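S.K.: Below are the sequence and a predicted model; questions follow.
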Amino acid sequence: MTDKKPAVVLSDVTHVYVSDKGASLAVDRVCLTLAEGEFVSLVGPSGCGKTTLLSIIAGLIEPTAGHVQLFGQPVDGPSSKVGYMLQHDYLFPWRTILDNACIGLELQGKVTAEHKKNVSRMLGEMGLADVVSRYPHQLSGGMRQRAALVRTLATSPDIMLLDEPFSALDYQTKLQLEQLVLDTLRARRKSAILVTHDITEAIAMSDRVIVLDHSPGQVRREMSIYGPIREASPMKARELPGFHSLFNEIWNEFEEMEARRET
Ligand SMILES: Nc1ncnc2c1ncn2[C@@H]1O[C@H](COP(=O)(O)OP(=O)(O)OP(=O)(O)O)[C@@H](O)[C@H]1O
C-alpha cells in the first residue's frame, strides 16, 4: 500500500472563454491523472484545448467548472511546484545565460551562492559550461532552449509542463533535446505533461499518450506506451517494432476527427 498522491488530478474540468464575440467552450469535462514521475503527452488537433489545460494546471487560469489538484492540494493560483517550458525560450537579451538561468530563483528570493553553484552545474550538464557569460543572441536555438530548461529546473519544480518546447528546432537538435529533457526529468523523478503536434515525439517520450478531441476539447483516447518503447531513448524508440502501429493508431484518430469535421 502507498499513500502517495498523484502529481496532478483534473476532475471534470471545463473551460469557457468569454470575449466580446461571445462564449466558447474550449475544454469540456476533462478528467486526467498524472502519477508521480509519470510522463504524459497531450496530442490533438489545433484548438482542442491543450494549452488551456496546461494553463489551468499551472494556475494561470481558473477553470469555469471542475477541480484541479496538485499532490492532493487544490490549485488556487500559480505554484512553485510547477515549471513551465514553452516553444519560445523567453530569455532576456540583456542578461547573460547564467543570469537568465537564475531568474526564477531571483523571483522566489532564493539566489544563494549554493543555488547559483547548482545552476552553474546544471548548465555544465547541459553542455553550456563555456557559454555561461554569453548573451542569448550569441547562442543557437538549441542552446537557448537548454538554458531555458535549466532556468525552469533551477527552482526545483515537481511537475514540468512542456508546451511544444522542441517545435522550433531543427530535427537533429530536437532529437538531442528530447533525449536530454527525458534523461534530466527521469533522473530527478519529475512528473511531466508534454503538449506536442508531433505524434512520434509523443510516443517516443511518454509513458502515456492522451488524444484530445476538438469542439469542444475532450479526452478521446488514452494509450499506454509499452515497456521497450518507453524504456528506449527517443531516437531508438522510433526504430522499435510496435512504434509504427502506435503511430498509425493515433493517426487514425486524427483522420476520424478530420472526417467528422468535414461532414
Ligand atoms: N484567451 C482566449 N480567449 C478566447 N478564446 C481562446 C483564448 N485562448 C484560447 N482560446 C480558444 O480556445 C480553444 C482552445 O485553445 P488552445 O490554445 O487551448 O488550443 P490548443 O489545442 O493548445 O491549440 P494549438 O494546438 O493550435 O496550440 C481554441 O478554440 C482557441 O481559439
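M.R.: Sure, I can see it.

S.K.: List the beta-bridge partners for the most centrally placed residue in the chain.
M.R.: By CA atoms, centre = their mean, the mean C-alpha position of the chain lies nearest to residue 162, the distance being 1.9 Å. Note on residue 162: beta-bridge partners by DSSP bridges are residue 85, residue 194.

S.K.: So it is in contact with residue 195, correct?
M.R.: Yes. Because the distance of 6.8 Å satisfies CB atoms under 8 Å, residue 162 is recorded as touching residue 195. Heads up, the C-betas are built off the backbone N, CA and C, glycines and all.

S.K.: what's the longest helix in this protein?
M.R.: When the chain is parsed with DSSP state H, its longest helix is helix 243-262.

S.K.: Alpha carbons of stretch 78-90, in CSV - could you do that?
M.R.: Presented in CSV, the C-alpha positions along stretch 78-90 are these (Å, rounded to 0.1, in the frame of the first residue of the first chain):
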residue,chain,number,x,y,z
PRO,A,78,0.5,29.8,-9.8
SER,A,79,2.6,27.4,-7.7
SER,A,80,6.3,26.9,-7.3
LYS,A,81,5.6,23.1,-7.7
VAL,A,82,5.0,23.7,-11.4
GLY,A,83,7.6,24.6,-14.0
TYR,A,84,6.6,25.8,-17.5
MET,A,85,8.7,25.4,-20.7
LEU,A,86,7.4,26.9,-23.9
GLN,A,87,8.2,26.8,-27.6
HIS,A,88,9.9,30.3,-27.3
ASP,A,89,12.7,30.4,-24.8
TYR,A,90,11.8,34.0,-23.4
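
S.K.: Give me the buried positions along that stretch.
M.R.: For stretch 78-90, burial by neighbour count (16 or more other CB atoms under 10 Å) applies to 79, 81, 82, 83, 84, 85, 86, 89.
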